[in-house]
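1. The following comprises the amino acid sequence and a computationally predicted model.
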Amino acid sequence: DQSKPYDSKKNVWIPDAEDGYIAAEIKSSKGDSVTVVSVRGNEVTLKAEIVQEMNPPKFEKTEDMSNLTFLNDASVLHNLRARYGQMLIYVSDY
């Protein structure tokens with residue numbers, strides 16, 4: 001959803017055993033650890049190196065993923081899921 005609130009310093013992806021990655025918001029950081037609250041409401045402390053940056057909402061369901069600000073595993077997976085959910089699984093001829 002392109003209208004959702006977004007803060008590039010707080011909105012991130014965290015690893016999840018069920019879904020691969022889920023959205024979370026950074027609450028605090030100390031040293032090489034960050035404490036986040038996931039979209040499921042769980043507060044978790046993780047190593048900062050496994051937290052992945054989230055793209056701004058304007059890139060939601062983008063056709064050309066090379067335009068993503070943060071081209072990481074979590075963002076690619078999210079974009080593919082979002083496009084598949086909207087039956088946007090095909091790309092245009094270039």
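-> Done, it's in. Residues are numbered from 1 along each chain as shown.

2. does I14 sit in a helix, a strand or a coil?
-> Secondary structure for I14, judged by DSSP: H, G, I helix; E, B strand; the rest coil, is strand.

3. so where do the helices sit in this structure?
-> 73-85 (DSSP state H).

4. can you list the weak-confidence ranges in it?
-> Across the chain, the ranges flagged by pLDDT under 70 are 1-3, 91-94.

5. Going by length in residues, pull out the top strand of it.
-> strand 20-30 (DSSP state E).

6. Quick check: neighbours of that one in the sheet, parallel or antiparallel?
-> Strands that pair with strand 20-30, judged by DSSP bridges, come out as strand 11-16 (antiparallel), strand 33-38 (antiparallel).

7. relative orientation of it and helix 73-85 in degrees?
-> Between strand 20-30 and helix 73-85, the angle comes out at 140 degrees (axes from the mean of the first three to the mean of the last three Cα atoms, to 10 degrees).

8. Look up the residues forming beta bridges with L46.
-> In this entry, L46 is beta-bridged to V34, by DSSP bridges.

9. what's near enough to touch it?
-> L46 makes contact with I14, P15, S33, V34, V36, according to Cβ atoms under 8 Å, 6 or more residues apart in numbering. In short, each C-beta sits where N, CA and C put it, glycine included.

10. Could you dump these into CSV and include distance to P5 and neighbour count?
-> Shown next, in CSV, are the contacts of L46 (distance: Cβ to Cβ, whole Å; neighbours: other Cβ atoms under 10 Å):
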residue, distance to P5, neighbour count
I14, 18, 22
P15, 23, 15
S33, 25, 13
V34, 19, 21
V36, 16, 23
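
11. Reformat those residues as TSV; add distance to V44.
-> Converted to TSV, the contacts of L46 look like this (distance: Cβ to Cβ, whole Å):
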residue	distance to V44
I14	7
P15	10
S33	10
V34	9
V36	6
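
12. Report the two of the residues you listed separated the most.
-> P15 and S33 (14.4 Å; Cβ to Cβ).

13. What is the burial count for the residue lying closest to N67 once chain neighbours are set aside?
-> What sits nearest to N67 in space, not counting adjacent residues and going by Cβ to Cβ, 6 or more residues apart in numbering, is F59, at 6.8 Å. F59: 18 surrounding residues under other Cβ atoms under 10 Å.
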